[in-house]
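Undergrad: Sequence and predicted structure below; questions after.
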Amino acid sequence: MISPEEFGKLFETFDREAFRLETLDYYDAAGTRTGLPAFLAGEDEPEQFKNSPWMTTVSNAVQAGKRMYRVHVVTTPLTDYLRFEFAWGYRRNATAGEEFFILDLAGHDVPGLPDHDFWLFDERKAVRMDYDSQGAYTGADVLPESQTSEYIRYRDLALKHAEPLTTFWERHS
């Protein structure tokens with residue numbers, strides 16, 4: 001298990017790219033518990049959401065010439081949570097330079113995808129993310145180097161079948 005501090009340092013020390021695969025329909029976090037009800041009520045996005053520490057992390061990386069991107073695996077129709085995440089989270093983070101792709105499994109299957117989230121740093125370090133049954137983050141593990149090629153294949157497979165968030169959102173917002 002990697003400590004939160006060690007995990008955070010990976011976002012400061014990668015050289016070229018950081019990729020994330022997301023597989024859950026719901027992530028339980030403090031921002032979700034306060035933001036989702038506001039989003040569903042039609043309220044404006046709060047300022048603290050617009051200025052999150054993640055925005056700084058992404059912006060610093062992108063300004064240094066690094067790429068941060070992710071694929072979220074979903075099945076439409078979208079849940080309220082996913083609409084919230086895409087509208088308030090992803091669209092906001094995209095302004096800092098993070099790239100988002102959506103892989104919609106509705107109507108087709110993509111065999112070979114993992115059933116868990118991960119980060120892949122510079123095609124050298126894979127970090128498996130763990131969540132409980134309620135979507136709460138429980139920790140992460142740096143995987144052995146011998147597994148990195150497997151996670152590169154997962155990334156490539158997900159990207160092959162995904163589409164940019166903007167294209168997806170035009171149809172499903």
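TA: Received, thanks.

Undergrad: Only C-alpha atoms from now on, for both contacts and neighbour counts.
TA: OK.

Undergrad: Select the helix or strand of this structure having the lowest average pLDDT value.
TA: helix 47-50 (a mean of 76; mean pLDDT, DSSP states H and E).

Undergrad: hmm, who's touching the helix or strand following it?
TA: Downstream of helix 47-50, the next assigned helix or strand under DSSP states H and E is helix 53-63. Contacts to helix 53-63, defined as Cα atoms under 8 Å, 6 or more residues apart in numbering, come from residues 11, 12, 67, 68, 93, 96, 97, 98.

Undergrad: The fifth one: what's it in contact with?
TA: Remark: with contacts taken as Cα under 8 Å, 6+ apart, residue 93 is in contact with 54, 55, 58.

Undergrad: and the most far-flung residue of the chain relative to its centre, backbone torsions?
TA: Distance from the C-alpha centroid of the chain, by Cα atoms, centre = their mean, peaks at residue 41 (24.4 Å). Phi and psi for residue 41, reported as degrees, to the nearest 10, are phi -80, psi 0.

Undergrad: ok, which stretches of the chain are strands?
TA: Under the criterion DSSP state E, the chain contains strands at 17-22, 67-74, 99-104, 117-121, 125-131, 137-142, 163-164.

Undergrad: in this protein, which helix has the most residues?
TA: helix 148-161 (DSSP state H).

Undergrad: Show me what that one is packed up against.
TA: Applying 3 or more Cα pairs under 8 Å, 6 or more residues apart in numbering; DSSP states H and E, we find helix 148-161 packed against strand 17-22, strand 99-104, strand 125-131.
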